[in-house]
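> Take a look and give me a structure for this.
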Amino acid sequence: MGKKLTRLIGSLLLSLSLVACTQPSSNIPERKPSPPIVSIAKQDNIKKKLDDILLPYSKGIQMSVKVVSLKDGKTVYEYKADDKLIPASCAKIMTAATTLKKLGIDYKFKTELYTDKEINDGIVEGNLYVKGYGDPYLVSEELWLIVNDLKVKGVKEINGDLIADTSFFDDKKYGPGHDENTAWADYSRSYNAPNGALSLNFNTINIHVKPGKNSGDEAIITLDPKTSYPEVINKVKTGGYTNFNASRVKDADKDTIIVEGYIRKNDCEYVRTVNISKPDEYFLTVFKEFLEQEGIKVKGGIKTAVLPEGCQKILTHESRPLDMVIRSLCKFSNNFVADQLVKTLGADIKGVPGSNDKGIEVIKEYLGSIGVKNVGLVDGSGYSTKNKLSASQLVKVLEEVYKDFEVYPHLVSAFSISGTDGTLDERLRNIKGKVKAKTGMLIRTGVDTISGYTETKNGILAFSILMNSDDIDVWTMQSLQDKVLTELARAKY
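Next up, the predicted model:
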């Protein structure tokens, strides 16, 4: 018998013996499946890992943490998950989810133009009214489109005034957080811009600064948009080390920006962004300048008033769709956009004028409808330290949104992506693309938070990590959060 035949017969006999061994014996009771020991060990392992990261800091940092598997709804990890802490900009998750659900992804903000008299041969005989509906993304490029549309309609001259109707919102320019934080915050920074039914460029202006020709010369300052609004006082000298600041004079009759310091000769151009305090005046000034640059003469001045009845509508300009606005809200944590959305919710659902209180009422009603009760929100941006949320509440919202195909794709695409963009562009690069989340930070009040979704080897987790501390800096908190998320992303859930 050859060697090959011998090996073949041996293999067949071995196979038959294995088959025989697998047949159950009538004398032996059937064995029940063993409990999932590996799964339990896995859960114990992740709990121990996260405890080892977080618990050494539990005395210095107030924490509320919860992680839930979206595959089976089971809690993967929690630590004081029901404790309510200051959420900072994680509060924007509530605003974004509510706005997407209540207004719809294709909602567009209007800006309407009216006249109170006839238009003859391209001449607007009376006033030109601009009625705003809270467009948070009305920027210079959009304003140019409005001007161009007027030009296409043949408008050549406006004999009356340019008048802003801002009655879609109430007259409160700032949310609750403004008054609380002005003691330490720079009131002229972009994150503290006022609201308005008619606003331009997030109610901010860019200050471009570059060195003069010779040492000792004044720096060269230009504005974007190029405008006579506001007044700029240039106190920046060319020479020395580059170190300058731009700020708006507080409570001035006319918005005035002081730029002071030094800029190194032959240095590059720098940009500082400053907010303005009079949105309607800012809008109308730039609008008038744009009109005149396009050859449309404006004989009158600018002012604010309610649109009278019986006016003729000239045109309607529509914003980009809501889901694109939500991306700006979440990826770049834009407080101005959040507050505009809250007032828009109030106006559209509770009635004009839109207010912060009406909008927050709408948000709480929506959250209640998905099982999130006793929500401690006073604004939609998270700027106020009076906001109080728990990790359990935030995770519950993330869970419910995940089940809602109308909302989830647009919310998750608006979140920052780890190591890629938004507020996470330089964080979690070791798990690039695995985390999609909203971050929050209030540096001087010791708040750092992050909530969202993370992809694991076997599924997706919803998580929220809220940290508040008077003693531990926010960078340490971020480091702890990143360690936790790294462990979660590498887990087998």
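
> tell me the contacts of the closest residue to Thr99 other than its chain neighbours?
In space, and not counting its chain neighbours, Thr99 is closest to Leu341: 4.9 Å by CB to CB, 6 or more residues apart in numbering. (Each C-beta comes from the backbone N, C-alpha and C, glycine too.) Residues in contact with Leu341 (CB atoms under 8 Å, 6 or more residues apart in numbering) are Thr95, Ala96, Thr99, Pro136, Val325, Leu329, Gly359, Gly380.

> now, which of those lie within strands?
Of these, none are assigned to strands by DSSP state E.

> and the residues you listed as TSV, adding neighbour count?
Output for the contacts of Leu341, formatted as TSV (neighbours: other CB atoms under 10 Å):
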residue	neighbour count
Thr95	27
Ala96	29
Thr99	31
Pro136	24
Val325	25
Leu329	28
Gly359	30
Gly380	31
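
> Surely the residue nearest to Thr99 is in a helix?
Yes - assessed by DSSP: H, G, I helix; E, B strand; the rest coil, Leu341 belongs to a helix.

> picking up where we left off before, in TSV: the contacts of Leu341, plus distance to His178 and pLDDT.
Output for those, formatted as TSV (distance: CB to CB, whole Å; pLDDT from 0 to 100):
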residue	distance to His178	pLDDT
Thr95	17	98
Ala96	21	98
Thr99	21	98
Pro136	17	98
Val325	22	97
Leu329	18	96
Gly359	16	98
Gly380	13	97
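
> Looking at the residues you listed, which is nearest Lys110?
Set against Lys110, the nearest of these by CB to CB is Pro136 (12.6 Å).

> picking that back up, kindly state the pLDDT recorded for the residue nearest to Thr99?
pLDDT recorded at Leu341 is 98.

> any idea how far Ser319 is from it?
From Leu341 across to Ser319, the span is 12 Å (CB to CB, to the nearest Å).

> Now do the shared contacts for these two.
Between them, Leu341 and Ser319 share the contacting residues Pro136, Val325, judged by CB under 8 Å, 6+ apart.

> May I have the phi/psi pair for the nearest residue to Ser413 once chain neighbours are set aside?
The shortest distance from Ser413 to any non-neighbouring residue, by CB to CB, 6+ apart, is to Arg327 (7.1 Å). With angles defined as degrees, to the nearest 10, Arg327 sits at phi -60, psi -40.

> residue ranges with poor pLDDT in this protein?
1-44, 179-185 (pLDDT under 70).

> Please, where are all the helices along it?
3-22, 37-54, 92-103, 140-152, 176-181, 279-293, 322-331, 335-345, 356-369, 391-402, 408-414, 474-489 (DSSP state H).

> any chance of the ones you listed in a markdown table, with distance to Asn192 too?
Shown next, in a markdown table, are the helices of the chain (distance: least, CB to CB, whole Å):
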| stretch | distance to Asn192 |
| --- | --- |
| helix 3-22 | 72 |
| helix 37-54 | 32 |
| helix 92-103 | 16 |
| helix 140-152 | 21 |
| helix 176-181 | 6 |
| helix 279-293 | 13 |
| helix 322-331 | 16 |
| helix 335-345 | 7 |
| helix 356-369 | 15 |
| helix 391-402 | 24 |
| helix 408-414 | 22 |
| helix 474-489 | 18 |
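
> Just tell me which of those ends up closest to Val259.
Using CB to CB, the helices of the chain put helix 279-293 closest to Val259, at 17.9 Å.

> How far off centre is the closest one?
27 Å (CA atoms, centre = their mean, to the nearest Å).

> what inclination does that helix have with respect to helix 140-152?
50 degrees (axes from the mean of the first three to the mean of the last three CA atoms, to 10 degrees).

> List of residues touching helix 279-293?
130, 132, 140, 143-144, 146-147, 150, 158, 162-164, 166, 173, 194-196, 198-200, 203, 205, 225-230, 255, 276, 297-298, 302-304.

> do that again at 7 Å, thanks
130, 143-144, 147, 162, 164, 166, 194, 196, 198-200, 203, 225, 227-229, 276, 298, 302, 304 (CB atoms under 7 Å, 6 or more residues apart in numbering).

> tally of neighbours for Asp471?
Asp471 has 10 neighbouring residues, counting by other CB atoms under 10 Å.

> Skip the chain neighbours and tell me the closest residue to it.
Gly60 (4.9 Å).

> The one you found is in contact with Ser469, isn't it?
Yes - contact criterion CB atoms under 7 Å: Gly60 and Ser469 qualify, at 5.9 Å.

> more neighbours, the two?
Ser469 (18 against 14).

> how near is that one to Gln481?
For Ser469, the distance to Gln481 - CB to CB - is 13 Å.

> Domains in this protein, by residue range?
39-106+322-489, 110-171+281-318, 177-275 (automatic domain parsing).

> Need the winner for burial among these.
For the domains of the chain, average neighbour numbers computed from mean count of other CB atoms under 10 Å are highest in domain 39-106+322-489, which has a mean of 20.

> and stretch 125-134, how far from the chain's centre?
That offset, for stretch 125-134, works out to 29 Å (CA atoms, centre = their mean).

> Check what contacts that stretch and list those residues.
109-118, 158-166, 168-169, 197-198, 287, 300, 307, 311, 340, 343-344, 354.

> Then stretch 214-229?
Contacts of stretch 214-229 (CB under 7 Å, 6+ apart): 140, 205-212, 232, 234, 236-239, 255, 259, 263, 265, 282, 285-286, 289.

> Strands - which of the contacts of stretch 125-134 land there?
Lys110, Thr111, Glu112, Leu113, Tyr114, Thr115, Ile158, Leu162, Ile163, Ala164, Asp165.

> Serialize the contacts of Leu341 to CSV and add fields for distance to Arg427.
Putting the contacts of Leu341 into CSV (distance: CB to CB, whole Å) gives the following:
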residue, distance to Arg427
Thr95, 22
Ala96, 20
Thr99, 26
Pro136, 26
Val325, 24
Leu329, 19
Gly359, 30
Gly380, 24
